[in-house]
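> With the input below, show me the fold.
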Amino acid sequence: MRKYFSVSIILLSLFCFTFANDLSLSSPLTKRQKFSAYLQYGNNQQESQDSVSFSFQKSPALAFMMSAVVPGAGQFYAGKKWWSLGFLGVEALGWGLWYDRKTYGEDLEDEYKQFADNNWNFERWIDEWVSNSDLYVASHGIHVVLVDEKDNIIEGSSFEVGEDYYQKKEEMFNQYSQQNPDDILAVKSRDYYENIGKYHQFAAGWEDYNDISQSDTVVVAGMRKDYVHQRDKSNQALKFATKSLTVVMFNHLFSALHAQIAAKHYSDKAEEPKQMSWNLSLTPGRLKGQLISGLNLSLAF
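Residues are numbered from 1 along each chain as shown. Have a look, this model is predicted:
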């Protein structure tokens, strides 16, 4: 049931100077004539009004877009406040875990790279690997570049280390002799840091490695084992951060779909659109014997 509220505002001005002059108390008309004219004026008065309606039904499309941008916003719009808090909580938790695991994983990554730089040596590995090629099977490689005497990289001088390393090195030095190549430098890429710990052929590069050329196996121990453990912890943390972002992505999707359904359900349950309207009309009145015009404002909700 609608509630109505009406306010009348009597304008302190004459509605019409003509009526005012003809119907004033000082005119020769009698009171009865004045009263009859007033009734005639009131009955013939045209009501002038304007109205605006505000619909409170929920738009499924708007709810979907709101929750797609900020999970829970569409639910709040559709009147599902507890669901709104739930989706917003999942969003906050997802971003919090992503930041925490990403920061932790990157810190560990810096640590294991520094550990490798301090304890794995390229030249030591080359000397051992070439002399024991049967033990250190060449299944993977490391890219290197030539550098000059000032350790500046010579452009275009990259090649991959293999069993023919010394021959390739000599060829590259001859090719770039005019640029004065002085040494080689391992390219410390993602594959570099993975290979030196993961594959046996790089084991000899670790500082605490013992020569076990008489054996047909390579044992993961010492610094190499510690390095592999550090790198694994970093990778696990970064993978968890990636999974947290996946949760955030699906939270946006599920929240948007749920908000769309909630808004549609909200509108379907309403017996009629919830509206508020206002009407403004002119009404006649009298003030000190004069005919005047008034404003009548009505609200319905």
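
> for the stretch 101-250 of the chain, what spans make up the strands?
Remark: strands assigned in the stretch 101-250 of the chain by DSSP state E, counting those that start in this stretch are 143-148, 159-160, 181-186.

> what are the pairing partners of the last one, and which direction each?
By that I understand strand 181-186. strand 143-148 (antiparallel) (DSSP bridges).

> Equivalent analysis for the shortest one, please.
Counting by DSSP bridges, the strands paired with strand 159-160 are strand 143-148 (antiparallel).

> Send over the partner strand as PDB, restricted to the C-alpha atoms.
The C-alpha trace of strand 143-148 is given here as PDB (Å, rounded to 0.1, in the frame of the first residue of the first chain):
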ATOM      1  CA  HIS A 143      74.700 -20.600 -23.300                       C
ATOM      2  CA  VAL A 144      77.800 -18.500 -23.100                       C
ATOM      3  CA  VAL A 145      79.000 -15.200 -24.700                       C
ATOM      4  CA  LEU A 146      82.400 -13.800 -25.400                       C
ATOM      5  CA  VAL A 147      83.600 -10.800 -23.400                       C
ATOM      6  CA  ASP A 148      86.400  -8.400 -24.000                       C
END
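
> Helices of the stretch 101-250 of the chain, start to end?
122-131, 165-175, 190-198, 222-269 (DSSP state H, counting those that start in this stretch).

> Could you export these as a markdown table, including distance to Lys113 and mean pLDDT?
Heads up, the C-betas are built off the backbone N, CA and C, glycines and all. Shown next, in a markdown table, are these (distance: least, C-beta to C-beta, whole Å; pLDDT from 0 to 100):
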| stretch | distance to Lys113 | mean pLDDT |
| --- | --- | --- |
| helix 122-131 | 15 | 81 |
| helix 165-175 | 24 | 86 |
| helix 190-198 | 6 | 91 |
| helix 222-269 | 9 | 91 |
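
> domains for this protein, by residue range?
4-27+44-56+273-300, 60-102+243-269, 118-238 (automatic domain parsing).

> if I read this right, Trp83 contacts Tyr77, doesn't it?
No: counting by C-beta atoms under 8 Å, Trp83 stays clear of Tyr77, with 11.2 Å between them.
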